[in-house]
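Asks: what follows is a predicted protein model with its sequence.
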2 protein chains.
Amino acid sequence: MENEFVCWVRSQFAQNESVERGPGDDAAILRLSGQQGTVVTTDTLMDGVDFLVDQVDACRIGHKALAVSLSDLAAMAARPVAAFVSLVLPRRGGRQLAEGLYAGMAPLAERYGVAIAGGDTNSWDGPLVITITAIGQTTADGPLLRSGGQVGDAVLVTGHFGGSILNKHLDFEPRVAEALLLNSRYDLHAGMDVSDGLTLDLSRLCQESQLGTLLNLEAIPISDAAGELARQQPNSKTPLDHALGDGEDFELIVTLPASEAKRLLADQPLGIPVTRIGTLVAEQGLWALNADGKRKPIAADGYQHEIDP
Amino acid sequence: MENEFVCWVRSQFAQNESVERGPGDDAAILRLSGQQGTVVTTDTLMDGVDFLVDQVDACRIGHKALAVSLSDLAAMAARPVAAFVSLVLPRRGGRQLAEGLYAGMAPLAERYGVAIAGGDTNSWDGPLVITITAIGQTTADGPLLRSGGQVGDAVLVTGHFGGSILNKHLDFEPRVAEALLLNSRYDLHAGMDVSDGLTLDLSRLCQESQLGTLLNLEAIPISDAAGELARQQPNSKTPLDHALGDGEDFELIVTLPASEAKRLLADQPLGIPVTRIGTLVAEQGLWALNADGKRKPIAADGYQHEIDP
């Protein structure tokens, strides 16, 4: 990073007590607890794929970039500590863009006590690329893994699904506080965040737990935006289709024993609804019940990160 | 990351005992020592700026990308633990390119016990972008900071400088082992790696230490490549100019008390030469002595990461 820009970044962000050295040396030094696991996630967002720099305020892009990484920490029920921001800026207007991006990150970073502890800033003749590495620590309640699901677990989700592209994908609040609260109060077995699509991500949790899910399709919490999107494209997908496969919902899936789930659903301890959408079953894959009581397979739909050979 | 690709990446890399969970969940979990500082650095390399994907084997690009980050850990005298690799791949031939990049990282990762513990893989219609976040830990000898220099310290460097563009910038070995050895055996006050140019980076160390350096220009260890480059462009820079400002040398600068420096220079404990190039002085800036014994200022030359407004 160039010196004057480092000074500017330093001035924008409060550090926290875990940061022994922030931006300005060759690397940052964090002082972390050896008692807890250190959780690390890295996510890259690109202009033209994850946002359109010409159509969206830079603040919202900055918010999204940090929120995506914090959502991954939430998915592990980790407490956020620090974030590292790598920017590849288009040459023209790069500084102004960078300031907008950081301005969008600042309130979110402050809300969750995240120090922006370092990064790398580059310019080129190509489009904006943002990579954020977020570091957190697990709590005494342990990490929330995809692999912990057990047969008979209730499958619960936070919030509503579908139609994120209309707005939410830029403005969502990562479920950091919700994940920490659920993990501390209830005996969660498995969990993750939904970034690529409800059924696609649930199928990944099932795969890591070597189980399947019997879904109750009527129970899926469909967002208003999913309905709106279906109305805009009437001959395409239903609102339920959008909820099952749209992606970028950034809500949580958790699995836990049925009795614990009952307690949680009665408590409704979050500011947002928690809904039971199914049950973990031994038969791998995603399933729903036909009218005749037989299981039919449900396709895992969502955003696949394909790589061409 | 797509599932099959995650499996492939998992199969390529040995994990180490610090990695509790590697690729496959929403984030990695590291088990780090709370006794030592956790050192984090992130670096982004772009096609057309840091390498030319059409002209260079993908293995060399992968090597460089990881080596740049490991050099930052070396700069802090930190022991490498894990790396996180974010790729933005051109759509056509992306998988083959990714495999080449990882093949280039693998020997380097193995040499320094670095686990490739996670990452993010994306495709787009633009050029290759690689961001690597490396995580290490300081040792009982403490971190090596830019800010620790003291008046009278000898300024020493490893290796030779200049002309890196001819080859070394792709094939260099990060000075990880050298930094750990020097930091354990000698009372180092300050240090960093040289990535943007010897004088530019030295000026940054001076700035953080709020001191200057009186350089002995005759002592600068000039690489053969700097001579070669000067011969190729005879009316441009001298070999010394190249050594002072070329960048991407990825050698170390360290400062230490003169008596310690004497011992180090007599020992020559590394497989590569260590050379004294100057002395830290109270007067900020870079200086050399004229024939008349008066100080003349030396410009800080190197690669400036400019950002346009």
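Replies: Nice, I can see it. Everything numeric in this text was worked out from a predicted model, so none of it was measured.
Asks: show me the shaky parts of the stretch 1-150 of chain A.
Replies: Scanning the stretch 1-150 of chain A for pLDDT under 70 picks out A:1-3, A:14.
Asks: list the buried residues for the longest strand seen in chain A?
Replies: Longest strand in chain A, counting residues (DSSP state E): strand A:78-90. Residues of strand A:78-90 classed as buried: A:78-90 (neighbour count, 16 or more other CB atoms under 10 Å in any protein chain shown). C-beta here means a position set from N, CA and C on the backbone, and glycine is covered the same way.
Asks: need the max-distance pair from those residues.
Replies: Of all pairs drawn from these, the greatest distance, 34.7 Å, lies between A:79 and A:90 (CB to CB).
Asks: stretch A:280-293 close to chain B?
Replies: No: interface with chain B: stretch A:280-293 contributes nothing (CB under 8 Å from any CB of the partner chain), its closest point being 13.8 Å away.
Asks: so for that stretch, mean pLDDT?
Replies: Stretch A:280-293 shows a mean pLDDT of 94 in the predicted model.
Asks: now do the same end-to-end measure for it.
Replies: End-to-end distance for stretch A:280-293: 17 Å, by CA to CA, to the nearest Å.
Asks: need the residues that contact that stretch.
Replies: Outside of stretch A:280-293, the residues within contact range by CB atoms under 8 Å, 6 or more residues apart in numbering or on different chains are A:149-153, A:155, A:199, A:202-203, A:206-207, A:209-217, A:255, A:295-300.
Asks: same thing but at 10 Å, please
Replies: Defining contact as CB atoms under 10 Å, 6 or more residues apart in numbering or on different chains, one finds that stretch A:280-293 is touched by A:149-155, A:189-190, A:198-200, A:202-203, A:205-207, A:209-218, A:244, A:255-256, A:278-279, A:294-301.
Asks: just the buried ones from the residues you listed?
Replies: Buried among the contacts of stretch A:280-293 by 16+ other CB under 10 Å: A:149, A:153-155, A:189-190, A:198-200, A:202-203, A:205-207, A:209, A:211-215, A:244, A:255-256, A:278-279, A:298, A:300-301.
Asks: near chain B too, which of the residues you listed?
Replies: The residues of these that also fall near chain B, by CB under 10 Å from any CB of the partner chain, are A:203, A:205, A:207.
Asks: as JSON lines, the residues you listed with distance to residue B:117 would be great.
Replies: Output for these, formatted as JSON lines (distance: CB to CB, whole Å):
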{"residue": "A:203", "distance to residue B:117": "24"}
{"residue": "A:205", "distance to residue B:117": "20"}
{"residue": "A:207", "distance to residue B:117": "20"}
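Asks: quick check, nearest of those to chain B?
Replies: residue A:207 (7.6 Å; CB to the nearest CB).
Asks: distance of that closest one from residue A:74?
Replies: Distance, residue A:207 to residue A:74, using CB to CB, to the nearest Å: 21 Å.
Asks: over to residue A:290?
Replies: With CB to CB as the criterion, residue A:290 and residue A:74 are 35 Å apart.
Asks: equivalent analysis for residue A:199, please.
Replies: Residue A:199 is 20 Å from residue A:74, by CB to CB.
Asks: the strands in the stretch 1-150 of chain A, which residues?
Replies: Per DSSP state E, counting those that start in this stretch, the stretch 1-150 of chain A carries strands over the ranges A:19-21, A:28-30, A:38-46, A:78-90, A:115-124, A:129-138.
Asks: and the third one with chain B, contact?
Replies: Yes: Strand A:38-46 comes into contact with chain B when judged by CB under 10 Å from any CB, the residues involved being A:38-46.
Asks: same question, the last one
Replies: Yes: using CB under 10 Å from any CB, strand A:129-138 comes into contact with chain B via A:129-138.
Asks: the second one too?
Replies: Yes: applying CB under 10 Å from any CB, one finds strand A:28-30 in contact with chain B at A:28-30.
Asks: going by distance to residue A:12, which of the residues you listed wins?
Replies: residue A:28 (15.5 Å).
Asks: thought residue A:150 was touching residue A:189?
Replies: Yes: between residue A:150 and residue A:189 there is a contact under CB atoms under 10 Å: 5.4 Å.
Asks: now do the shared contacts for the two.
Replies: Common neighbours of residue A:150 and residue A:189 (CB under 10 Å, 6+ apart) are A:209, A:255-257, A:280.
Asks: could you measure from the one residue in the stretch 1-150 of chain A that gets nearest to chain B over to residue A:79?
Replies: Per CB to the nearest CB, residue A:34 is where the stretch 1-150 of chain A lies closest to chain B, at 2.4 Å. Distance, residue A:34 to residue A:79, using CB to CB: 15 Å.
Asks: and if you look at residue A:17?
Replies: 13 Å.
Asks: likewise residue A:70?
Replies: For residue A:70, the distance to residue A:79 - CB to CB - is 11 Å.
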